[in-house]
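Trainee: with the sequence up front, the predicted model follows.
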Amino acid sequence: MRDKAALITGGSGGIGRAIAIKLSEMGFNIAISYLNNEEAAREVIAEVEKNNVKGLSIKADVSKEEDVKRIIETVNKEIGNIDVLVNNAGITRDRLLLRMKTEDWDTVMNTNLKGVYLCTKAVIRSMMKKKYGKIVNVTSVVGISGNAGQSNYSASKAGIIGFTKSMAKELGNRGINVNAVAPGFIDTAMTNVLDEEIKDEMLSSIPLNRVGKPEDVANLVAYLCSNEADYITGQVIHVDGGMLI
Ligand code: NAI
């Protein structure tokens, strides 16, 4: 994958970091976007560059159209046209619906779902020209199962699944593969904030009997971004230790 460029949104976080490093091992030049943890972003780029590829980090909000435009322009200029887009940026604002503020609903939908729409729209023109592109969207098992206290989050993740399948149909004849990965319970900052009781309950529902590592997700994303997955599109692949079966 030398001389190909991959953009990972939310690349400073647990799963995004692992994806950035794994794709750099495959030879991709790497751009990550992040919301505010500059230190973490810098550390990811230092890791990526150890694999003799170009690394670039951009502070930007994926829910804002002008920010997304800036991300794409900067990546195109610094490391080349984007061949791989991993829509990974995501947040939670968990609350039972009766107590949910409209602001919590909007922030989650705008980051998790509108962000995927904006980033995808911004990269596909150049992918269509090249007749090559891999787009991987990070959804969640709760986008399939639903979850009490996560109506906003699970709606955004279910939306990503519909978007993924629609894009696979729209872009398939342009040489672009669009898939989604659905992680279960992965050990990152997002899940560290959960109560021990909830963590234990989730763990007890995982047949493989362990919490997932960011690398478990990154391995699947890497496969979907490789030429070995050229005949796979429109799929939602679970990486959840069997949590949802
Ligand atoms: P994390 O909290 O460690 O990282 C989140 C990343 O998203 C950070 O880089 C942050 O800067 C970025 N981000 C947040 N809001 C943003 C915005 N408005 N614009 C740009 N970037 C923004 O979380 P984690 O666990 O690494 O999550 C990554 C993805 O995986 C998310 O989409 C999450 O929903 C999904 N996921 C995580 C699971 C888990 O158990 N950790 C399970 C299922 C899905």
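Mentor: Structure's in. What do you need?
Trainee: for the residue nearest to the spatial centre of the chain, give me its contacts.
Mentor: The chain has residue 88 as the residue nearest its centroid, 1.7 Å off, counting by C-alpha atoms, centre = their mean. With contact set as C-beta atoms under 8 Å, 6 or more residues apart in numbering, residue 88 has these partners: 8, 9, 10, 11, 13, 15, 16, 19, 138. (Glycine included, C-beta is placed from N, CA and C.)
Trainee: out of those, who's nearest the ligand?
Mentor: Among the contacts of residue 88, residue 13 lies closest to the ligand (C-beta to the nearest ligand atom), at 1.9 Å.
Trainee: the helix or strand that residue 179 is a member of vs the ligand: in contact?
Mentor: Here residue 179 sits within strand 176-183, counting by DSSP states H and E. Yes - residues of strand 176-183 are located near the ligand by C-beta under 6 Å from any ligand atom, namely residue 183.
Trainee: now for the longest helix seen in the chain, which elements pack on it?
Mentor: Criterion DSSP state H: the longest helix present in the chain is helix 151-171. Judged by 3 or more C-beta pairs under 8 Å, 6 or more residues apart in numbering; DSSP states H and E, helix 151-171 is in contact with helix 102-109, helix 115-130, strand 133-138, helix 142-145, strand 176-183.
Trainee: quick one: mean pLDDT for that helix?
Mentor: Per-residue pLDDT over helix 151-171 has a mean of 99.
Trainee: now do the end-to-end distance for stretch 34-42.
Mentor: From its first residue to its last, stretch 34-42 covers 10 Å (C-alpha to C-alpha, to the nearest Å).
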